[in-house]
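1. any chance you could fold what I've pasted below:
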Amino acid sequence: MRLTLLRSTILPAVALLTVGALSVPAAAVAPPAAPPAAPPAAPPAAADTGVPNGDVIANLWSWNWRSVANECTATLDPAGYGAVWVAPPSESLRHPSGVWWDVYQPYSYRLNSRFGTEAEFSAMIGACHGAGIKVYTDAVVNHTAAQTGTGYDGTVVSDKYDPPMYDRGEYNVDVCDRDISNWGDRWEVQHCELLDLPDLKTSSDGVRAKLAGYLNSQLALGIDGFRVDAAKHMPSTELADIVARLNNTTSGARPYVFHEVFPGEPPAPSEYYGSGDVLDFFYADKLKGAFQGDIATLSTFGPSWGILPAANSVSFVTNHDTERNGRHLSYKDGATAVLANVFQLAWKHTTPTVYAGFEFSNPEGAPPNTNGHVTDTTCGNGWYCLNRDPDVAGMVGWRAAVGNADMTNWQSPTGNVIGFTRGTGFVAINNTGAAHTAQYTTGLADGTYCDVTLPGCTATVTVAGGRASITVPAKGAVAVHTGSTGTPTPGQLAASYTVRATTEWGQNVHVVGNIPQLGNWNPANAVPLTTGDGTYPTWQGTGVVPADTTIEFKFIIRQDGQPVIWETGANRTQRTPGSGTFVVDGGTFRR
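-> Numbering: from 1, shown residues only. Below is the predicted model of the structure:
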């Protein structure tokens with residue numbers, strides 16, 4: 001925590017985005033560009049998809065316990081997340097103005113907080129465990145509250161050195177009774193006060209015993225580990241002693257511990273590797289730079305970039321702290337931040353976290369609440385549920401499917417567009433403002449695979465000879481793995497499209513229509529067609545369509561930087577069958 005707020009032949013991919021339907025006249029004119037897709041307002045069906053729980057941590061820091069419990073069952077487990085990281089569960093200052101950071105000011109170690117009661121906290125752990133999701137809490141052990149007042153469980157603190165857990169002699173106030181002034185001085189950083197927060201005397205065996213007791217009370221309820229807040233403000237040996245006093249989890253394993261060690265001044269993150277992993281701020285710094293520059297530079301992303309060793313770190317694109325100060329990408333960066341998360345999940349380096357929080361205009365503002373107590377999460381209504389975004393949720397399962405495989409087949413057909421293989425999976429990422437088509441070496445066995453960044457196998461990639469022609473939407477991604485077979489979901493049919501069109505160099509033929517699977521009349525999301533060896537001027541492609549539905553569509557010709565050429569005349573109309581395959585022989589392109 002670094003608060004500044006206390007003071008004041010190869011068939012193509014069908015890569016689509018689902019957007020609202022657009023009305024297109026018979027003599028079609030290119031419709032307006034589709035708005036950016038928002039995270040879905042409701043979670044996927046609760047049925048388990050069979051995706052194994054992997055290593056991805058969902059950071060639901062500001063959610064209340066009821067909402068976390070529901071999310072574990074309805075979304076995190078089906079997508080393949082492995083753990084959830086939640087806010088500090090102890091009672092804290094109830095700030096009269098309503099701020100997000102009052103939970104970092106402990107008033108007591110009772111587990112009744114702004115996020116719910118101890119009973120709700122315990123029920124949340126049970127629900128998440130039932131879904132195969134581990135639970136990590138934020139541990140505030142460096143300090144207690146700087147501000148006096150009344151806590152969420154009714155505790156009154158009238159002197160900041162006199163909360164119910166500690167006596168004045170258990171603080172470092174006798175050696176430093178002021179804020180840190182010299183951030184280059186290790187002793188000051190670890191003994192003076194961080195933004196007036198009373199610094200606990202962790203050199204005291206009694207204080208370390210109390211802190212371990214607080215954490216052990218959570219382990220007894222089933223917690224699986226902790227993110228340690230403000231870890232650098234405690235000497236690493238003293239923090240290691242606290243961690244050594246922790247009991248095993250209820251599963252019999254040692255608790256997983258990862259530390260917040262804010263970079264830039266001593267002590268160094270490496271000093272804390274002995275008692276846990278460390279959150280890697282440098283990782284998020286570098287990803288922001290790449291995604292605001294050219295992601296083609298990421299081919300060597302790793303320790304040479306200055307990020308922490310994979311074996312000792314936990315990565316993030318943003319979190320509940322840094323999204324507010326502009327240091328890292330956040331939901332306010334839209335699709336760019338989503339793609340940075342896609343890359344994080346696709347890349348082999350470290351344990352990744354995905355942050356889903358609430359929307360804000362005031363950086364100090366609290367999450368949606370009633371009298372300070374956080375209300376249930378309603379995605380899209382004051383909450384930005386990135387963990388549910390189809391690109392992100394699909395990549396969680398993709399990551400679990402490819403396992404620990406190394407990266408191969410790095411390709412960058414143009415600036416800000418990349419593709420690479422990891423074992424049994426391939427991903428392509430387009431960080432530009434226009435759809436991009438390229439031939440990629442996938443390294444996968446020949447076959448047709450579902451694009452996991454879209455629900456329900458609404459788009460597929462066909463691999464022949466290890467290669468595939470893939471169209472990646474603007475600011476989008478396409479990802480497949482050998483477990484994502486190209487089989488339509490119930491109520492859908494496989495579709496094939498053929499048309500003969502004479503084109504010029506650089507032009508490509510697509511089919512676009514009035515259903516999501518045909519791009520909702522948005523040319524940027526149309527189904528791309530290709531010419532196999534020796535078949536020109538015949539263009540072919542595959543996709544998925546709903547069964548027993550009348551659809552309208554047209555073939556179009558696209559070229560980067562040029563206006564779309566639409567077929568003349570009325571929209572083509574055809575009804576899909578109730579079963580089998582939907583086949584379109586479009587004859588000759590109508591000019």
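2. host element of residue 78?
-> In the assignment (DSSP states H and E), residue 78 maps to helix 77-79.
3. who touches the very next helix or strand once past that helix?
-> Per DSSP H and E, the first helix or strand lying C-terminal to helix 77-79 is strand 83-86. The contact list for strand 83-86, computed with CB atoms under 8 Å, 6 or more residues apart in numbering, reads 55-61, 63, 65, 68, 71-72, 76, 115, 124, 128, 133-138, 224-225, 227, 256, 353. Every residue, glycine included, has its C-beta placed from N, CA and C.
4. which among the residues you listed end up buried?
-> Buried by 16 or more other CB atoms under 10 Å: 55-61, 63, 65, 68, 71-72, 76, 115, 124, 128, 133-138, 224-225, 227, 256, 353, out of these.
5. what ranges do the helices span in the stretch 51-200 of the chain?
-> Ranges of helices in the stretch 51-200 of the chain, per DSSP state H, counting those that start in this stretch, are 65-71, 77-79, 118-130, 186-191.
6. which pLDDT value goes with residue 580?
-> Here, the pLDDT recorded for residue 580 equals 84.
7. for it, give its distance to residue 384.
-> Residue 580 sits 41 Å away from residue 384, going by CB to CB, to the nearest Å.
8. the two: which is more packed in?
-> Shown here are residue 580 and residue 384; by other CB atoms under 10 Å, residue 384 has more neighbours (22 against 10).
9. give the contact list for the more buried one.
-> Counting by CB under 8 Å, 6+ apart, residue 384 has contacts 39, 331, 356-359.
10. name whatever forms a beta bridge with the residue nearest the centre of the chain.
-> The residue lying closest to the centre of the chain (CA atoms, centre = their mean) is residue 354, at 3.4 Å. Here residue 354 sits in beta bridges with residue 58, as judged by DSSP bridges.
11. that one and residue 61 touch, don't they?
-> No - with contact taken as CB atoms under 8 Å, residue 354 and residue 61 are classed as non-touching, separated by 11.4 Å.
12. contact partners for residue 223?
-> Residue 223 neighbours (CB under 8 Å, 6+ apart): 125, 135-137, 249, 255.
13. that one belongs to a helix, doesn't it?
-> No - counting by DSSP: H, G, I helix; E, B strand; the rest coil, residue 223 falls outside a helix, being coil.
14. format the contacts of residue 384 as a markdown table; extra columns: distance to residue 95 and secondary structure.
-> Putting these into a markdown table (distance: CB to CB, whole Å; DSSP: H, G, I helix; E, B strand; the rest coil) gives the following:
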| residue | distance to residue 95 | secondary structure |
| --- | --- | --- |
| 39 | 28 | coil |
| 331 | 23 | helix |
| 356 | 23 | coil |
| 357 | 18 | strand |
| 358 | 16 | strand |
| 359 | 19 | coil |
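15. ok, so of these, who is nearest residue 264?
-> Distance to residue 264 across the contacts of residue 384 (CB to CB) is lowest for residue 357, with 24.0 Å.
16. who touches residue 226 in this structure?
-> 136-139, 215, 218, 255-258.
17. so which strand or helix has it?
-> Following DSSP H and E, one finds residue 226 within strand 225-228.
18. what about the stretch 1-150 of the chain, any weak spots by pLDDT?
-> Low-confidence segments of the stretch 1-150 of the chain (pLDDT under 70): 1-50.
19. how much space between the residue nearest to the centre of the chain and residue 257?
-> The gap separating residue 354 from residue 257 is 20 Å, by CB to CB.
20. partner strands of the least confident helix or strand in the chain by mean pLDDT, with direction?
-> Counting by mean pLDDT, DSSP states H and E, the chain has its least confident helix or strand at strand 527-528, which shows a mean of 79. Sheet partners assigned to strand 527-528 using DSSP bridges are listed as strand 508-513 (antiparallel).
21. then the strand it pairs with to PDB, C-alphas only?
-> Extracted in PDB, the C-alpha atoms of strand 508-513 (Å, rounded to 0.1, in the frame of the first residue of the first chain):
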ATOM      1  CA  ASN A 508      -9.800  -9.700 -49.200                       C
ATOM      2  CA  VAL A 509     -13.400 -11.000 -49.300                       C
ATOM      3  CA  HIS A 510     -15.600 -11.300 -46.200                       C
ATOM      4  CA  VAL A 511     -19.200 -12.100 -45.400                       C
ATOM      5  CA  VAL A 512     -21.100  -9.900 -43.000                       C
ATOM      6  CA  GLY A 513     -24.800 -10.000 -41.800                       C
END
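22. contacts for that strand?
-> Here strand 508-513 makes contact (CB under 8 Å, 6+ apart) with 437, 497, 499, 501, 503, 518-519, 521-523, 525-530, 539, 541, 551-559, 571, 584, 586, 589.
23. please, a PyMOL command that selects the buried ones among those residues?
-> Those of these that count as buried under 16+ other CB under 10 Å are selected in PyMOL with:
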select buried, resi 437+497+499+501+503+518+519+521+522+523+525+526+527+528+529+530+539+541+551+552+553+554+555+556+557+558+571+584+586+589
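24. out of the contacts of strand 508-513, list just those in helices.
-> Assigned to helices by DSSP state H, none of these qualify.
25. among the contacts of strand 508-513, which ones are in strands?
-> 437, 497, 499, 527-528, 539, 541, 551-558, 584, 586 (DSSP state E).
26. quick one: residue 464 and residue 446 touch, right?
-> Yes - here residue 464 reaches residue 446: they are 5.4 Å apart, a contact under CB under 8 Å.
27. for the residue lying closest to residue 342 once chain neighbours are set aside, which residues are in contact?
-> Leaving aside its sequence neighbours, residue 342 sits nearest to residue 477 (CB to CB, 6 or more residues apart in numbering; 4.8 Å). The contact partners of residue 477, by CB under 8 Å, 6+ apart, come to 339, 342, 391, 395, 427-430, 453.
28. doesn't residue 477 lie inside a helix?
-> No - counting by three-state DSSP, one finds residue 477 to be strand, located in no helix.
29. tell me the bridge partners for it.
-> Applying DSSP bridges, one finds that residue 477 bridges with residue 429.
30. for residue 295, see how far away it is.
-> With distances taken as CB to CB, residue 477 is found 11 Å from residue 295.
31. got the phi/psi numbers for residue 421?
-> Taking degrees, to the nearest 10, you get phi -110, psi 140 for the backbone angles of residue 421.
32. verify the stated contact: it with residue 398.
-> No - here residue 421 lies out of contact with residue 398, judged by CB under 8 Å, at a distance of 11.8 Å.
33. out of the two, which sits in the busier spot?
-> Higher neighbour count among residue 421 and residue 398: residue 398, with 28 against 23, using other CB under 10 Å.
34. contacting residues for that one?
-> With contact set as CB under 8 Å, 6+ apart, residue 398 has these partners: 345-346, 425, 427, 452, 479, 481, 484.
35. swap in 6 Å and give it another go.
-> 425, 452, 479, 481 (CB atoms under 6 Å, 6 or more residues apart in numbering).
36. can I get the host helix or strand of it in PDB, CA atoms only?
-> Assessed by DSSP H and E, residue 398 sits inside helix 390-402. Extracted C-alpha coordinates of helix 390-402, given in PDB (Å, rounded to 0.1, in the frame of the first residue of the first chain):
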ATOM      1  CA  PRO A 390     -14.900 -13.100 -22.500                       C
ATOM      2  CA  ASP A 391     -11.400 -12.400 -23.700                       C
ATOM      3  CA  VAL A 392     -10.100 -12.700 -20.100                       C
ATOM      4  CA  ALA A 393     -12.200 -15.600 -18.900                       C
ATOM      5  CA  GLY A 394     -11.400 -17.500 -22.100                       C
ATOM      6  CA  MET A 395      -7.700 -17.000 -21.600                       C
ATOM      7  CA  VAL A 396      -7.900 -18.300 -18.000                       C
ATOM      8  CA  GLY A 397      -9.000 -21.600 -19.400                       C
ATOM      9  CA  TRP A 398      -6.500 -21.400 -22.200                       C
ATOM     10  CA  ARG A 399      -3.700 -20.900 -19.700                       C
ATOM     11  CA  ALA A 400      -4.800 -24.000 -17.700                       C
ATOM     12  CA  ALA A 401      -4.900 -26.000 -20.900                       C
ATOM     13  CA  VAL A 402      -1.400 -25.200 -22.100                       C
END
